[in-house]
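K.L.:
build the 3D model from these lines:
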Amino acid sequence: MRKIILPSFIIITAIGLLVRIFYLQVIDDSLKLQSENNAIKKVFDFPERGYIYDRNGKLLVANQPSYDIMVIPREIKNLDTTEFCDLLKIEKEEFIKKIKKATVYSPRLPSVFLAQLNKKEYAAFQEKERNFEGFYTQKRALRDYQVDFGANIFGFITQVNEAIIKKNPYYNSGDLIGKQGVEQEYEEILRGIKGVKYLLRDKYNKVIGSYKEGKFDTISKQGKDLTLTIDYELQKYGTELMVNKRGGIVAIEPKTGEILALVSAPTYDPALLVGRQRSKNYTELYHDSIANPLFDRGLLAQYPPGSPFKILTGLIGLQEEVITTETGFMCHHGFSYGGGRFMKCHDSGLSKLNNGIYQSCNTYFCSVYRNTIDKFNNSSKGVDVWSNHVKSFGLGNYMGTDLPIGKKGNIPTSKTYNRLYPNGGWRGSTIISNGIGQGEILTTPLQLANMMAVVANKGYYFTPHIVKKIKDQPLNKKFTTKHYSTVDAKHFEPVIEGLADVYNKGTASTLKVKDMQICGKTGTAENKIRVAGKTYQLKDHSIFVAFAPKENPTIAIAVFVENGYWGNRWAGPIATLMIEKYVNGEITRKDLENRMLNGSLEEEYKKIENIIYQRFTEPVSIDNTAPSLTLKEEEVN
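P.N.:
The predicted structure follows:
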């Protein structure tokens, strides 16, 4: 029996292998398409990228036709390089460089020789294309921006590099990919699916028809459209208000976490990064190290939050029961602490929660913070409890937005101070500046806008996001999941009353809008520049946070204006105008609008440039995050 089974098994296996080999080599043609077959030309059909709309259906980003000149190095024959270079207006040295690069990629496969020709350039080349063997044109779709703002939101399109090609087999040399903004974050959704055609060539390398009558051809599929959470009118208005200023604006719809506006200034026209001049334009933007137009200040700028942080100090004090709404502290134009040190304050007299908020009393909030830390058996425990409360508002962590960039800021813990004070001995009064948003605390405008959304919602928030809807696809569940703070809902109402009184009779009383209740808080952030080992004190950054209306809020906002002096000088008016624009659809505070639209801080920025240029041979670093244990008079707002 064994003599029969073993030979039979060998014979059956051999027959199976022969059948498989015959099928692969004779019947199945697909493997031919995967090899560099001289007789078969592979041509891609590139789809249009998905369109991008604002929350109300206004078209923001569309597509326009463009053409790339492709090259297959081994097929170049009898080329008149002078005629070729003159036609395309390139130097011979550039021609040689591009051919070498294409050959390194592959002498047999096509790669981009010259990208993004416009219609006129394409027409001129097409007339003489037959004279240039080895070259052909490939149609693509480039972005066509319907607006001249929002570059930090959209991102841009660029060619893939070798690292991307090796990592992702979908891409080939010359393919386009989204970089930054929603173009990068939603690349797989926006790009669509490439189509491919296999063309048969004769022995003279001429195309004679489709391979196997198009049996293996596929059609391209356009990318899916995106509807952003951005409000076109609000984004446009914020961009106009920030002309000749540097800073960021982030506005959020509290009940959804949808980002209504994400303004970074200075900005640039997104159309600059489309077409043959895109590389030159990007280089200029990249090397502008003074204005930093590519730096998204709304997501990446980290500053001490200053007085807006007092909102959390009060909430945590109530939650930890170290104060009630009636607890008072006497203020004598400042707060004494730590062996004779004194923190100035514009307030005086008895401060309780309400007037402590609207008068921005340093003494009140430093006392609340110290009592919170000292409530526990040791300072380490107190700081960690406080830190956990703060982080529940979204501070000190990456927000998890659907944008590819962001900074986490910094909320210190006991580890921070055990490292700074290795010999121990620190306590609440040692780190008292945390109570008023200074010290080691760092936040981004996005985080502060989200913090105000939590206050507006009386204790919860949704992860901020910038895409409202994807065609034929549900939104990620993480953007529809509530996150709760560790502060009970009952504690928010008295704090909200104080924030309303900031407008009614406090530090923003000059910014009131008729028949609208806005809840807000002014603030500043210390601003220093360090050049060649020397520190220069510059004008502080202006900060303002707010939400409105007081009942059923529809917008929460944070505004940062670099070198803007104090909160109600620049950031406060801009925030007020943004709120009125969104809630009412029109502006009644024309005095504020004219001042903000026509105002400029360029003289302040020139001072920075002069300091740098005077010492241009020395190392330079700009420090917006330096901790401070004392405040100047302007900082009490």
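
K.L.:
need phi/psi at the nearest residue to residue 113 once chain neighbours are set aside.
P.N.:
Of all residues not flanking residue 113 in the chain, residue 71 sits nearest, at 4.1 Å (C-beta to C-beta, 6 or more residues apart in numbering). Yep, even glycine has a C-beta here, placed from its N, CA and C like the rest. Torsion angles at residue 71 (phi, psi; degrees, to the nearest 10) stand at phi -140, psi 140.

K.L.:
cool, and the one 3 residues further on?
P.N.:
When quoted as degrees, to the nearest 10, the phi and psi of residue 74 stand at phi -70, psi -10.

K.L.:
if I pick it, what's in contact with it?
P.N.:
By C-beta atoms under 8 Å, 6 or more residues apart in numbering, residue 74 lies in contact with 107-108, 134.

K.L.:
the residue nearest to residue 113: neighbouring residues, count only.
P.N.:
By other C-beta atoms under 10 Å, 24 other residues sit near residue 71.

K.L.:
got it, and residue 81?
P.N.:
By other C-beta under 10 Å, the residues close to residue 81 number 13.

K.L.:
so it sits against residue 92, correct?
P.N.:
Yes. Between residue 81 and residue 92 there is a contact at 6.3 Å, judged by C-beta atoms under 8 Å.

K.L.:
SS state for residue 412?
P.N.:
coil (DSSP: H, G, I helix; E, B strand; the rest coil).

K.L.:
would you mind measuring from residue 53 to residue 252?
P.N.:
For residue 53, the distance to residue 252 equals 19 Å [C-beta to C-beta, to the nearest Å].

K.L.:
got the contact list for the residue nearest to residue 113?
P.N.:
98-99, 102, 110-113, 134-135.

K.L.:
among those residues, which are in strands?
P.N.:
111-113, 135 (DSSP state E).

K.L.:
looking at these, spot the one nearest residue 598.
P.N.:
The nearest member of the ones in strands among the contacts of residue 71 to residue 598, counting by C-beta to C-beta, is residue 112 at 46.0 Å.

K.L.:
okay, now the closest one: neighbour count?
P.N.:
For residue 112, using other C-beta under 10 Å, the count is 22.

K.L.:
can you name the residues bridging to it?
P.N.:
residue 70 (DSSP bridges).

K.L.:
residue 529 now?
P.N.:
residue 536, residue 622.

K.L.:
could you give the number of residues near it?
P.N.:
Other residues near residue 529 come to 18 when the count uses other C-beta under 10 Å.

K.L.:
so it makes contact with residue 563?
P.N.:
No. Using C-beta under 8 Å, residue 529 is not in contact with residue 563, being 10.4 Å away.

K.L.:
please enumerate the shared neighbours of these two.
P.N.:
With C-beta under 8 Å, 6+ apart, residue 529 and residue 563 have common neighbours 538, 608.

K.L.:
output the helix or strand that contains residue 116 as PDB, nothing but the C-alphas.
P.N.:
Residue 116 is located in strand 111-117, with elements delineated by DSSP states H and E. Extracted in PDB, the C-alpha atoms of strand 111-117 (Å, rounded to 0.1, in the frame of the first residue of the first chain):
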ATOM      1  CA  SER A 111       8.800  60.300 -13.600                       C
ATOM      2  CA  VAL A 112       8.000  64.000 -13.600                       C
ATOM      3  CA  PHE A 113      10.400  66.100 -15.500                       C
ATOM      4  CA  LEU A 114       8.500  69.400 -15.200                       C
ATOM      5  CA  ALA A 115       5.400  69.800 -13.100                       C
ATOM      6  CA  GLN A 116       2.300  72.000 -13.200                       C
ATOM      7  CA  LEU A 117       2.300  73.600 -16.600                       C
END
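
K.L.:
send the alpha carbons of stretch 467-479 over as PDB?
P.N.:
Extracted in PDB, the C-alpha atoms of stretch 467-479 (Å, rounded to 0.1, in the frame of the first residue of the first chain):
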ATOM      1  CA  VAL A 467     -14.400  68.700   9.500                       C
ATOM      2  CA  LYS A 468     -18.200  68.700   9.900                       C
ATOM      3  CA  LYS A 469     -19.100  66.200   7.300                       C
ATOM      4  CA  ILE A 470     -17.500  63.700   4.900                       C
ATOM      5  CA  LYS A 471     -19.600  62.800   1.900                       C
ATOM      6  CA  ASP A 472     -21.000  59.200   2.300                       C
ATOM      7  CA  GLN A 473     -19.000  58.600   5.500                       C
ATOM      8  CA  PRO A 474     -19.700  59.100   9.200                       C
ATOM      9  CA  LEU A 475     -17.700  61.400  11.400                       C
ATOM     10  CA  ASN A 476     -15.200  59.800  13.800                       C
ATOM     11  CA  LYS A 477     -17.000  59.000  17.100                       C
ATOM     12  CA  LYS A 478     -14.200  60.700  19.100                       C
ATOM     13  CA  PHE A 479     -15.600  64.100  17.900                       C
END
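
K.L.:
if we can go back for a sec, residues in contact with the strand holding residue 116?
P.N.:
By C-beta under 8 Å, 6+ apart, the residues outside strand 111-117 that reach it are 66-71, 88, 90, 98-99, 101-102, 105, 125, 135, 137-138, 140, 142, 159, 172-174, 274-276, 278.

K.L.:
which of these are buried?
P.N.:
66-71, 88, 98-99, 102, 105, 125, 135, 138, 140, 142, 159, 172-174, 274-275, 278 (16 or more other C-beta atoms under 10 Å).

K.L.:
over the strand holding residue 116, what's the mean pLDDT, rounded is fine.
P.N.:
On average, the pLDDT along strand 111-117 is 86.

K.L.:
can you check stretch 571-586 too?
P.N.:
96.

K.L.:
what's the answer for stretch 273-286, then?
P.N.:
89.

K.L.:
give me the buried positions along it.
P.N.:
If you call a residue buried by 16+ other C-beta under 10 Å, then stretch 273-286 has these buried ones: 273-275, 278, 281-282, 285.

K.L.:
pull the number of nearby residues for residue 362.
P.N.:
By the criterion of other C-beta under 10 Å, residue 362 has 28 neighbours.

K.L.:
go on, the one 5 residues further on?
P.N.:
Using other C-beta under 10 Å, residue 367 is surrounded by 27 other residues.

K.L.:
what about stretch 290-298, how long is it end to end?
P.N.:
Criterion C-alpha to C-alpha, to the nearest Å; first-to-last residue distance in stretch 290-298 is 17 Å.
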